[in-house]
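S.K.: The following block contains a protein sequence and its predicted model.
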Amino acid sequence: MGPRRTPFRVIIRLNVVSIDPTMETQEQTKLVQPNAQNQYTVTVADLPLSCPMPGMHLWNSHPKVFLPIEKTGWAKCPYCSAEYTLSR
């Protein structure tokens, strides 16, 4: 006869965190919803141009892509079709 086994209990505790979507931090309120518009006017200060641009929420957007706008003054994002016009 083998060793006697004692029964044991497994206790699993889950920490549930709920997030209130109406509560935003000051940092979040400064960010702009990406791809909210179809047309954006950018300046030389925004170069090099990327979509989504800095200052946009990134968690629900496409991968960052750099857009060549310097020569023509116009670029279109291959992911979201947002159009950018360079204001000189």
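M.R.: Ah, there it is.
S.K.: ok, the residue nearest to Y79 when sequence neighbours are not counted - contacts?
M.R.: Leaving aside its sequence neighbours, Y79 sits nearest to H62 (CB to CB, 6 or more residues apart in numbering; 3.9 Å). C-beta here means a position set from N, CA and C on the backbone, and glycine is covered the same way. By CB atoms under 8 Å, 6 or more residues apart in numbering, the contact set of H62 is 35, 51-52, 77, 79-80.
S.K.: among the residues you listed, which are in strands?
M.R.: C51 (DSSP state E).
S.K.: Quick one: the strands in this protein, in order.
M.R.: Remark: strands assigned in the chain by DSSP E are 39-43, 50-51, 65-66, 74-76, 83-87.
S.K.: how near is the nearest residue to D46 once chain neighbours are set aside to W74?
M.R.: The shortest distance from D46 to any non-neighbouring residue, by CB to CB, 6+ apart, is to M53 (6.7 Å). The spacing between M53 and W74, counted by CB to CB, to the nearest Å, is 15 Å.
S.K.: By pLDDT, give me the weakest of the contacts of H62.
M.R.: Ranked by pLDDT, the contacts of H62 bottom out at N35, which scores 60.
S.K.: before we move on, the earlier item: redo the strands of the chain as a markdown table? Include mean neighbour count.
M.R.: Listed next are these as a markdown table, based on neighbours: other CB atoms under 10 Å:
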| stretch | mean neighbour count |
| --- | --- |
| strand 39-43 | 13 |
| strand 50-51 | 20 |
| strand 65-66 | 12 |
| strand 74-76 | 16 |
| strand 83-87 | 15 |
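S.K.: Turn those into a markdown table, columns for distance to L31.
M.R.: Listed next are these as a markdown table, based on distance: least, CB to CB, whole Å:
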| stretch | distance to L31 |
| --- | --- |
| strand 39-43 | 15 |
| strand 50-51 | 15 |
| strand 65-66 | 19 |
| strand 74-76 | 22 |
| strand 83-87 | 18 |
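S.K.: Fine by me, we can end here.
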